[in-house]
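Q: dropping a prediction and its sequence here:
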Amino acid sequence: MKIITLCILLVSLLTAQDGPFTLRKKDTIGELEAKIVAQIAADILNKDVNIYVVGEQKDFMTLGMNGFRIAKNCKEANFIFVSKQSVDDMELCENSRAIHFTNSRELFNKNRDFVGLFYWFKSRPNITFSSKRLESKLTMLPKSYEQFIEEF
């Protein structure tokens, strides 16, 4: 009887829509990444965010955060996110004075305009900021980000 009860309990937990072992259909990796990048942008700028996304913008369009707007071009933006899938389109935004952020390690290492990097490692999100690049952009991060700042 205990085994039957345990099996029924296990099956019900695994098939539940919002249980601890299920992935909600509405949350994709792209949407989660967009939420994290949007929060970083809001914390860095400490004002309304006008973000320009080089590449696919659909995950950012659904955020609906207060003080968050998708810019139509680099000139309107105060924060620019370049995804690794759209590295080739980066030339359009190189002369912008906005804060640049990416999810491409290669782009972050090559281009000194980027102050930060968001990437996945072993299925965990990671954030890295360059202290020298932050200083060159005259950008201060909140204390909660100190653990992510590296000297390079």
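A: Received, thanks.

Q: is His100 bridged to anything, and to what?
A: Here His100 sits in beta bridges with Ile80, Phe114, going by DSSP bridges.

Q: just the helices in the protein please.
A: Along the chain, counting by DSSP state H, helices occupy 2-15, 29-45, 58-61, 105-110, 131-136.

Q: buried sites along the shortest one?
A: Of the residues in helix 58-61, those scored as buried under the neighbour-count criterion (16 or more other Cβ atoms under 10 Å) are Asp59, Phe60. Every residue, glycine included, has its C-beta placed from N, CA and C.

Q: give me the contact list for that helix.
A: Identification of contacts with helix 58-61 by Cβ atoms under 8 Å, 6 or more residues apart in numbering yields Thr28, Gly30, Glu31, Glu33, Ala34, Val37, Ala38, Ile51, Val53, Ile70, Phe81.

Q: Asn109 versus the nearest residue to the first one once chain neighbours are set aside, what's the distance?
A: Across the structure, with Cβ to Cβ, 6 or more residues apart in numbering as the measure, the residue nearest Thr28 apart from its sequence neighbours is Asp59 (7.3 Å). As judged by Cβ to Cβ, to the nearest Å, Asp59 and Asn109 stand 24 Å apart.
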